[in-house]
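Visitor: Compute the structure for the input listed below.
(2 chains)
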There are 2 protein chains.
Amino acid sequence: MQSPVINELIDAFKLLPTIGPKSAQRLAYFLLQNHQQDGHRLASAIESALEKVGYCQQCRNLSETEICGFCASKSRQTDQLCIVETPTDVVAIEQSGIYKGQYFVLMGHLSPIDGIGPDELGLPILRDRLAQGEIQELILATNPTVEGEATAHYIQQMAIEFNISVTRLAQGIPLGGELEYIDSGTLGQAFAGRKAV
Amino acid sequence: MQSPVINELIDAFKLLPTIGPKSAQRLAYFLLQNHQQDGHRLASAIESALEKVGYCQQCRNLSETEICGFCASKSRQTDQLCIVETPTDVVAIEQSGIYKGQYFVLMGHLSPIDGIGPDELGLPILRDRLAQGEIQELILATNPTVEGEATAHYIQQMAIEFNISVTRLAQGIPLGGELEYIDSGTLGQAFAGRKAV
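Guide: Numbering: from 1, shown residues only, chains lettered A, B, ... in the order given. Predicted coordinates:
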């Protein structure tokens, strides 16, 4: 009995992650009742982003220009290269404000079962970049998962060829974490990586 | 440093209820990374719904036709009229499958402080409908809030003029509820409305 146009809108919202049937219905009716302007703005923001945003030729991050803001910036160090899996990892690292070097975004991790090999991750582009000789330190910031570690290992081997020093983000107890509730794997890493004070 | 087009997309998602900055970022990057088709579908579903969906001339529910499916249906009873506040209330009642009559959607409740009076709720249209004499029972299904009760009371007075019987949805303990955790107001209503078995 419900309008097919409204049903299609609800179905379209359901395609998004974390949005279930009830949330999708709520969002659809929200836009239709007194928030038409927000709806137009969202629709045009989506179309505009999909049309304009592509990949940076140098670091593979999402970008609306051929070379992204990070790669083009003159104020960032050019001798450090941080390898991350996704553009949101770049956002997270930028929010910490701790890093001022360059990025390289893999857009995934090695996963032979899904047909994702070195080529899909743009590793030939990374190899060319390392061969240029400007990079002095490669910081591996892939996720500490099995696939992330495998990817990091592969890239590490590549960097060794070019005699570039490679570092990996420290693993241990997160800030504000309580020992009691830390999983044993993380605790093991924290012990193995303990530092003299 | 982040692309302004991506920022605008994140800001647009943040306009939606229950979507905070972190969720908005997740949704935006989800669409930009490998889900472009879903993005186009969502954008066009929004535009299409905003363009086509208006209000039913008879019951004020959201509808893409002048008279909505409920009002036009020949298989529904025409002597019962259920008054609800929003289109999502209609969806909820339909999902229960218990009601087969007509609806009238107020699109809000009486709220003088927000400038919402009888005219904004379409009560003149409701009055005309009651005057036609086809409606035998008016079921008040406004929310059991102060504003919902006030609105129900106002409509009840209107129905009395036309000698139409008025009912209100039962208030009491919800199915599967536990007495221990029911608020005292609801418990009071359940006692006051107790029935002989």
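Visitor: Now do the helices in chain A.
Guide: A:4-14, A:21-32, A:36-52, A:69-72, A:87-96, A:123-131, A:146-161, A:184-192 (DSSP state H).
Visitor: Any idea which of these gets closest to B:Ser96?
Guide: helix A:21-32 (15.0 Å; CB to CB). Just so you know, the C-beta spots here come from the backbone N, C-alpha and C atoms, and that holds for glycine as well.
Visitor: excluding its backbone neighbours, what's nearest A:Cys71?
Guide: Closest residue in space to A:Cys71, ignoring its immediate chain neighbours: A:Gln58 at 4.4 Å, by CB to CB, 6 or more residues apart in numbering or on different chains.
Visitor: So what does that neighbour look like in phi/psi?
Guide: Per-residue torsions, A:Gln58: phi -100, psi -40 (degrees, to the nearest 10).
Visitor: how much space between it and A:Tyr103?
Guide: Separation of A:Gln58 from A:Tyr103 (CB to CB, to the nearest Å): 10 Å.
Visitor: If you count surrounding residues, which of the two has more?
Guide: A:Tyr103 (26 against 18; other CB atoms under 10 Å in any protein chain shown).
Visitor: re earlier: indicate which one of the helices of chain A is closest to B:Ala170.
Guide: helix A:21-32 (23.9 Å).
Visitor: Extract the CA atoms of the closest one and return them as CSV.
Guide: The C-alpha coordinates for helix A:21-32 follow below in CSV (Å, rounded to 0.1, in the frame of the first residue of the first chain):
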residue,chain,number,x,y,z
PRO,A,21,15.1,-1.2,7.6
LYS,A,22,13.9,0.9,10.5
SER,A,23,16.7,3.5,10.2
ALA,A,24,16.2,3.6,6.4
GLN,A,25,12.4,4.3,6.9
ARG,A,26,13.2,7.0,9.4
LEU,A,27,15.7,8.7,7.1
ALA,A,28,13.3,8.5,4.1
TYR,A,29,10.4,10.0,6.0
PHE,A,30,12.6,12.6,7.6
LEU,A,31,13.6,13.9,4.1
LEU,A,32,10.0,13.8,2.8
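Visitor: So which residues make contact with that helix?
Guide: For helix A:21-32, contacts defined as CB atoms under 8 Å, 6 or more residues apart in numbering or on different chains pick out A:6, A:9-11, A:13-14, A:19, A:38-39, A:42, B:16-18, B:46, B:49-50, B:53, B:62, B:86-88, B:91.
Visitor: Same question for stretch A:184-191.
Guide: By CB under 8 Å, 6+ apart, stretch A:184-191 touches A:Gln171, A:Gly172, A:Ile173, A:Leu179, A:Ile182.
Visitor: now stretch A:4-14
Guide: By CB under 8 Å, 6+ apart, stretch A:4-14 touches A:19-21, A:23-25, A:27-29, A:31-32, B:38, B:41-42, B:45-46, B:48-49, B:52-53, B:62, B:64.
Visitor: List buried residues within the residues you listed.
Guide: A:19, A:23-25, A:27-29, A:31-32, B:38, B:41-42, B:45-46, B:48-49, B:53, B:62, B:64 (16 or more other CB atoms under 10 Å in any protein chain shown).
Visitor: residues contacting the residue sitting nearest the centre point of chain A?
Guide: Centroid check for chain A by CA atoms, centre = their mean gives A:Thr86 as the closest residue, at 1.8 Å. For A:Thr86, the contacting residues are A:Val105, A:Leu106, A:Met107, A:Gly108, B:Tyr29, B:Gln33, by CB under 8 Å, 6+ apart.
Visitor: change it to 7 Å
Guide: Neighbouring residues of A:Thr86 by CB atoms under 7 Å, 6 or more residues apart in numbering or on different chains: A:Val105, A:Met107.
Visitor: can you check A:Ile135 too?
Guide: Contacts of A:Ile135 by CB under 7 Å, 6+ apart are A:Asp79, A:Leu81, A:Arg129, A:Ile164.
Visitor: could you redo the last one with a cut-off of 8 Å?
Guide: So A:Ile135 contacts A:Thr78, A:Asp79, A:Gln80, A:Leu81, A:Gln102, A:Arg129, A:Ile164 (CB under 8 Å, 6+ apart).
Visitor: Just give me the closest of those to chain B.
Guide: A:Gln102 (11.9 Å; CB to the nearest CB).
Visitor: Pull up the gap between that closest one and A:Gln77, please.
Guide: Distance from A:Gln102 to A:Gln77, by CB to CB: 7 Å.
Visitor: Look at the two and report which has more neighbours.
Guide: Higher neighbour count among A:Gln102 and A:Gln77: A:Gln102, with 21 against 13, using other CB under 10 Å.
Visitor: Can you check the pLDDT for that one?
Guide: Per-residue confidence (pLDDT) for A:Gln102: 94.
Visitor: Now tell me what touches stretch A:140-156 from outside.
Guide: A:82-85, A:89, A:93, A:106, A:109-111, A:118, A:121, A:123, A:126, A:138, A:166-169, A:171.
Visitor: Of those residues, keep whichever come out buried.
Guide: Buried members of the contacts of stretch A:140-156, scored by 16+ other CB under 10 Å, are A:82-85, A:89, A:93, A:106, A:109-110, A:118, A:121, A:123, A:126, A:138, A:166, A:168.
Visitor: So which of those residues sit within strands?
Guide: Mapping the buried ones among the contacts of stretch A:140-156 onto strands (DSSP state E) picks out A:Cys82, A:Ile83, A:Val84, A:Leu138, A:Val166, A:Arg168.
Visitor: So which of those is the closest to chain B?
Guide: Set against chain B, the nearest of those by CB to the nearest CB is A:Val84 (12.7 Å).
Visitor: I'd assumed A:Phe104 was in contact with that closest one.
Guide: Yes: under the criterion of CB atoms under 8 Å, A:Val84 makes contact with A:Phe104 at 7.5 Å.
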